[in-house]
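1. Mind folding the following:
(chains A, B and C)
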Amino acid sequence: MPELPEVETITRALKKVLVGETVKELYLGNKQLRFPYPKNFTKKIIGESFTVPFRRAKYCILPLSNENKIVMHLGMSGQIRILNEKVKIEKHDHVIIYLNNGIYIKYTDPRRFGFIKLIENKKDEINLFNALGPEPMSKFFNAKYFYDKINNKNKTIKDILMDQTIVAGLGNIYVNECLFLSKTSPFKPGSKITFKNSETIVYCIKLIIKKAILKGGTSIRDHIQPDGKLGYFKNNLKVYGKDKKNCNFCDQKIKLIKQSNRSTYFCEFCQK
DNA sequence: ACATTGACCTGGGAGC
DNA sequence: TGCTCCCAGGTCAATG
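-> As a prediction, the model looks like this:
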């Protein structure tokens, strides 16, 4: 599912129920996710309690009282549910963390591109997070940073925004939407982006991400909030999934093409 | 150092 | 109804 707003939505929901609660029991399915489960995972987390969950890029991070951190990535189809009554474990349920208070956290992922890791020391943390660019909502992601970072690149602006080392947390939906809102052609190389363009793009990214978080993310296929509700930013999409529909601004048809093996939706008249 | 392609998986929808 | 093909909110390793 998940880009930044979806992971943020999930993390906020977890924050409400996890803090101070203790891990009572852990279920691990027999199929592995993208990586094997952490060694002695069960032993290492049973009896530990959670401190305050947070998000970095598309990672949901659950710190424990012993300073270790459970890190979850949801790949393309991962979901996290917060439940309070036992339900049957289904085919794609891979991890369930049972808490002392009767609540449990269920990780489901049909495609198994996601993973769960345990950060146990500084080195684990560096391996996972060091290459990531700034958070789009932070002050470190600003027009000057962005312009300096991209003005010597031949890569298209679409590929640049998908690159987690430049700005962390955007994915295909929000990149398409941000380029449309900022009226930027997805094919424009970084070197052709002026400082003024950078300002606009950065502004549009912050605006869209903020709004998407408010709406609980975007439900297209897999994303649901941990309480089962949908993410309503779907209603705010202007180009993603709108091929052959009409552009909001100029009323011409939205186009769909493949760019670096991913779908790019855009209006060729508005985005220059 | 950089860009491009394919691989990892399953399920759902389109088209025949 | 059933088959085949193509598509999907992400990343990473292996190419050129």
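
2. neighbours of the closest residue to DNA strand C within chain A, just the number please.
-> Proximity of chain A to DNA strand C (Cβ to the nearest atom of the strand) peaks at residue A:171, 1.9 Å away. Every residue, glycine included, has its C-beta placed from N, CA and C. By other Cβ atoms under 10 Å, the residues close to residue A:171 number 20.

3. Look up the closest residue to it, ignoring the ones flanking it.
-> Leaving aside its sequence neighbours, residue A:171 sits nearest to residue A:3 (Cβ to Cβ, 6 or more residues apart in numbering; 3.7 Å).

4. tell me the contacts of that neighbour?
-> A:58, A:169-174, A:217-218 (Cβ atoms under 8 Å, 6 or more residues apart in numbering).

5. just residue A:139 next, same as before
-> Residue A:139 touches nothing, counting by Cβ under 8 Å, 6+ apart.

6. go again using 10 Å as the cut-off
-> residue A:145 (Cβ atoms under 10 Å, 6 or more residues apart in numbering).

7. ok, now residue A:206?
-> A:136-138, A:141-142, A:178.

8. ok, 7 Å please
-> Neighbouring residues of residue A:206 by Cβ atoms under 7 Å, 6 or more residues apart in numbering: A:136-137.

9. can you list the residues of the stretch 101-250 of chain A near DNA strand B?
-> For the stretch 101-250 of chain A, the residues in contact with DNA strand B (Cβ under 7 Å from any atom of the strand) are A:110-113, A:153-155, A:159.

10. Can you report how many residues lie near residue A:258?
-> 8.

11. Once you drop chain neighbours, what's closest to it?
-> Among residues not flanking residue A:258 along the chain, residue A:264 sits closest, at 7.2 Å (Cβ to Cβ, 6+ apart).
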